[in-house]
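In: Let's see this in three dimensions:
(4 chains)
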Number of protein chains: 2
Amino acid sequence: MVNIKVVADAAGVSTMTVSRYFNQPEKLAPSTAERVRKAVEKYNYLPNMAANALFKGTSKTIAVIIGDITNPFTTTLVRGVEDVANKHGYVLLLGNTDDQSSRERSYVELALAKRADGVVLSPSEEASENIELLLSHNMPLVLIDRKPDESHCDTVRGDSYEGGYLISKHLCDKGYKHIAFVGGLAKVSSLQDRLQGYCKALEEAKLDPIVRLGRYDRASGYELSQQLISEKVQLDAMVTANNHVALGAYRALREHGLSIPSDIALVTFDDISDDYAIDPFLTSVIQPAYEIGAQAMKMLLDRMHGRQLAYRDLVLPIKLIERRSS
Amino acid sequence: MVNIKVVADAAGVSTMTVSRYFNQPEKLAPSTAERVRKAVEKYNYLPNMAANALFKGTSKTIAVIIGDITNPFTTTLVRGVEDVANKHGYVLLLGNTDDQSSRERSYVELALAKRADGVVLSPSEEASENIELLLSHNMPLVLIDRKPDESHCDTVRGDSYEGGYLISKHLCDKGYKHIAFVGGLAKVSSLQDRLQGYCKALEEAKLDPIVRLGRYDRASGYELSQQLISEKVQLDAMVTANNHVALGAYRALREHGLSIPSDIALVTFDDISDDYAIDPFLTSVIQPAYEIGAQAMKMLLDRMHGRQLAYRDLVLPIKLIERRSS
DNA sequence: GGGGGCAATAAAATCGTTTTCGTCTTCCAG
DNA sequence: CTGGAAGACGAAAACGATTTTATTGCCCCC
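Out: Residues are numbered from 1 along each chain as shown, chains lettered A, B, ... in the order given. The predicted structure is shown next:
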């Protein structure tokens, strides 16, 4: 592989001068710069960033560790992170954890081993050890979407409490009386917040909460709905924890011949099918995914640049979109 | 930052022994290994992969350079790449190009500079220079989704010709007589193949092709449809180049009071709203996105491991899903 | 002609690891 | 008891850059 020495020889200069050409070009005489440029071009030379990272101690890399990039909410968020990171010369190392803390652990270790310059993490249920590990190595860190109780670090997330409240109040206002909350990981802060908002709204309407938690996937939505139906719980509306859960629930309701919204209303969080479906159907709380990502990256840059700030917890506003399912 | 020397001192051994602990643990005496283990644990030591990459010349990284991760088709594909890469100890460096060859160029250079072990690239319209650059550095490369004519490298993609043929034939069989093909980048191989399939089917049915190309986004779908309508072209069916174009077209048709499928049929490629929408509507050709990604990564591993193979062009079967829009 | 400033150089140190090669110990067969 | 092989470990070179230090020309100007 062609290295700096080869280029220097070809240009008839020392390696130093080639190094300067990339790092402080303004310090080179135009004629020398031109000679170097030609040599660089001849070999298509690109400085070895591994060597660079070793010496400079920075890899120009941000590790983004998330649950599942297959979820459109996540994708949009990652895009927000990337656009900001890019603008400042950083690239993204991407890791999907499927919300398993062991996979999360691997990626955290990798971020440390690769000397990433910072980490954007959507923490799994059991993330505290991994977070501690990052912090103990002084790795700049911003959490997104979820905020573990004990965490002493920056956070960016949507206003889950408000979301839970608004969407539940919407149902109450419409006159629904038996409203269940279905799905989601119990230990995750965003879920707890949504649930609290839900409870608050129901309390104000003097209704009894019905809660069935589980996971964030389709299967969970399906199973929990099945259970509710087979237990003959009286129901006229369901709030599901996210878009996947909603799809599972929808299937279960259909299989029991229930139609939406006439027999039962179905509303959810994070259904961004506006972007992908011809005819969006579900009433939903929408989080500003792109904005969350972009803000998280900005916050991370602040922390990376060492400004010794207090830890921030940025809560971005959400939006309720009423559609035909309620 | 704690380095191998610190750990070696703490364990009372040389740096070599610590290095062996990670790389050839079987060669260490159990008692020494245990002493090293304790020292490693004490500092939460992780070997610096930058140094490693420098010496070994491999970064355990695969660069994935794609158009837009916001498209669910892409996401699923990336997931396929990641799962295979992970299993072999590689991680993903992700780059979105928005189909701009300049952005593509930056990421290609980055992959080279970081000494990535391989590249998975979904080439932009003007990718040939970038591809040449990668190949001139002997960077293992697999193209996905699109295959530039001149390309001398491995490729994995869906069977676009067959897709174009099947979906158009479907319309012909249903008795539609005025079928337009709308949207997509003219220079991209997958579009050309789809178009050829479309032409073939229409030829067999003795119908005249109506073709309007553009870009792959929503705006393009909207504009092209507007034009068709305002030019009063006689139409009873539209084939759109991908899911985004379909959404734009749908909006245009709605605005002109046309209903689907009674006034006009609308079918598309890559509508995977099965995963995101409550009630999938569009008849569509589906590509095996996950499989394309996984196979591409496998092919890349083969090439990375130096087996001197002929270049392969893997074309995976597609599926026609009939829904209510035709 | 001497001093100051600029451009560039060579050589050496550094970053953190792996690897090559060699040394030292141990153990066993003869 | 000894010679030699095998096993465990260490010293130093190497990887490819950047940076520092000291030095050399060179030009300009007083």
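
In: Okay, now the unreliable bits of chain A?
Out: Segments of chain A classed as low confidence (criterion: pLDDT under 70) are A:273-275.

In: what's the residue nearest to residue A:110 when sequence neighbours are not counted sitting at in phi/psi?
Out: Once flanking residues are discounted, residue A:110 sits nearest to residue B:91: 6.1 Å by Cβ to Cβ, 6 or more residues apart in numbering or on different chains. Bear in mind the C-beta positions are built from the backbone N, C-alpha and C, glycine included. Taking degrees, to the nearest 10, you get phi -120, psi 170 for the backbone angles of residue B:91.

In: Who are the contact partners of residue B:91?
Out: If you count contacts by Cβ atoms under 8 Å, 6 or more residues apart in numbering or on different chains, residue B:91 has them with A:93, A:94, A:95, A:107, A:110, B:60, B:61, B:62, B:85.

In: and what of residue A:145?
Out: By Cβ under 8 Å, 6+ apart, the residues touching residue A:145 are A:77, A:122, A:156, A:157, A:158, A:190, A:292.

In: Let's see that with 7 Å instead.
Out: A:122, A:157, A:190 (Cβ atoms under 7 Å, 6 or more residues apart in numbering or on different chains).

In: check which helix or strand covers the second one.
Out: Yep, that's residue A:157 we're talking about. Taking DSSP states H and E as the criterion, residue A:157 maps to strand A:154-158.

In: Adjacent strands (with direction) for that strand?
Out: Paired strands of strand A:154-158, with direction, are strand A:141-144 (parallel), strand A:313-316 (parallel) (DSSP bridges).

In: who wins for proximity to residue A:165 among those?
Out: For residue A:165, the closest of the strands paired with strand A:154-158 is strand A:313-316, at 13.4 Å, according to Cβ to Cβ.

In: For the stretch 101-250 of chain A, just list every one of the helices.
Out: Using DSSP state H, counting those that start in this stretch, the helices of the stretch 101-250 of chain A run over A:101-113, A:128-136, A:160-173, A:189-204, A:218-230, A:243-255.

In: Up against DNA strand C, what does chain A have?
Out: By Cβ under 7 Å from any atom of the strand, the residues of chain A that approach DNA strand C are A:12-17, A:27-29, A:31-32, A:51, A:54-55, A:57.

In: repeat that for 10 Å
Out: Residues of chain A that fall close to DNA strand C, judged by Cβ under 10 Å from any atom of the strand: A:8-9, A:11-21, A:25-36, A:50-57, A:113, A:115.

In: now for the helix or strand where residue A:80 lies, which elements pack on it?
Out: Assessed by DSSP H and E, residue A:80 sits inside helix A:72-87. Under the contact criterion of 3 or more Cβ pairs under 7 Å, 6 or more residues apart in numbering or on different chains; DSSP states H and E, helix A:72-87 touches strand A:61-66, strand A:91-96, helix A:289-304.

In: Does the second one reach DNA strand D?
Out: No - in this structure, strand A:91-96 remains apart from DNA strand D according to Cβ under 10 Å from any atom of the strand; the gap is never smaller than 17.1 Å.

In: ok, now the first one?
Out: No - with Cβ under 10 Å from any atom of the strand as the criterion, DNA strand D is not reached by strand A:61-66; the gap is at least 16.4 Å.

In: For DNA strand D, what's the nearest residue on the stretch 151-300 of chain A?
Out: DNA strand D sits closest to residue A:300 of the stretch 151-300 of chain A, with a gap of 22.7 Å, by Cβ to the nearest atom of the strand.

In: hmm, back to that, can I get the helices of the stretch 101-250 of chain A in TSV with distance to residue B:260?
Out: What follows is the helices of the stretch 101-250 of chain A, written out as TSV (distance: least, Cβ to Cβ, whole Å):
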stretch	distance to residue B:260
helix A:101-113	43
helix A:128-136	49
helix A:160-173	30
helix A:189-204	36
helix A:218-230	27
helix A:243-255	22
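
In: TSV for those helices, including mean neighbour count?
Out: Output for the helices of the stretch 101-250 of chain A, formatted as TSV (neighbours: other Cβ atoms under 10 Å in any protein chain shown):
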stretch	mean neighbour count
helix A:101-113	20
helix A:128-136	17
helix A:160-173	22
helix A:189-204	20
helix A:218-230	20
helix A:243-255	23
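
In: wait, which of those helices is closest to residue A:151?
Out: Proximity to residue A:151 (Cβ to Cβ) singles out helix A:128-136 among the helices of the stretch 101-250 of chain A, at 6.1 Å.

In: can you give me how far the helix holding residue A:80 is from the chain middle?
Out: The chain centre lies 9 Å from the centre of helix A:72-87; the measure is Cα atoms, centre = their mean, to the nearest Å.

In: With stretch A:46-63 instead?
Out: Centroid separation for stretch A:46-63 versus its chain: 25 Å, with Cα atoms, centre = their mean.

In: Could you do stretch A:289-301 as well?
Out: Per Cα atoms, centre = their mean, the displacement of stretch A:289-301 from the mean C-alpha position of its chain is 9 Å.

In: And stretch A:217-236, by the same measure?
Out: The answer for stretch A:217-236 is 28 Å, by Cα atoms, centre = their mean.

In: same question, stretch A:69-84
Out: Averaged C-alpha coordinates place stretch A:69-84 at 7 Å from its chain's average position (Cα atoms, centre = their mean).

In: is the residue nearest to residue A:110 in a bridge, and if so with what?
Out: In this entry, residue B:91 is beta-bridged to residue B:61, by DSSP bridges.

In: so how far is residue B:9 from it?
Out: For residue B:91, the distance to residue B:9 equals 31 Å [Cβ to Cβ, to the nearest Å].

In: repeat for residue A:147
Out: Distance, residue A:147 to residue B:9, by Cβ to Cβ: 39 Å.

In: For the two, indicate the residue with more neighbours.
Out: Neighbour count, other Cβ atoms under 10 Å in any protein chain shown: between residue A:147 and residue B:9, residue A:147 has more, with 22 against 13.

In: Report the contact partners of the more buried one.
Out: Going by Cβ under 7 Å, 6+ apart, residue A:147 touches A:155, A:157, A:189, A:313.

In: Tell me how many other residues surround the second one.
Out: Meaning residue A:157. Residue A:157 has 23 neighbouring residues, counting by other Cβ under 10 Å.

In: thinking it is in contact with residue A:151, fair?
Out: No - counting by Cβ atoms under 7 Å, residue A:157 does not reach residue A:151; the two are 11.6 Å apart.

In: returning to that earlier point: from the contacts of residue A:145, which is closest to residue B:317?
Out: Nearest to residue B:317 among the contacts of residue A:145 is residue A:122, at 35.0 Å by Cβ to Cβ.
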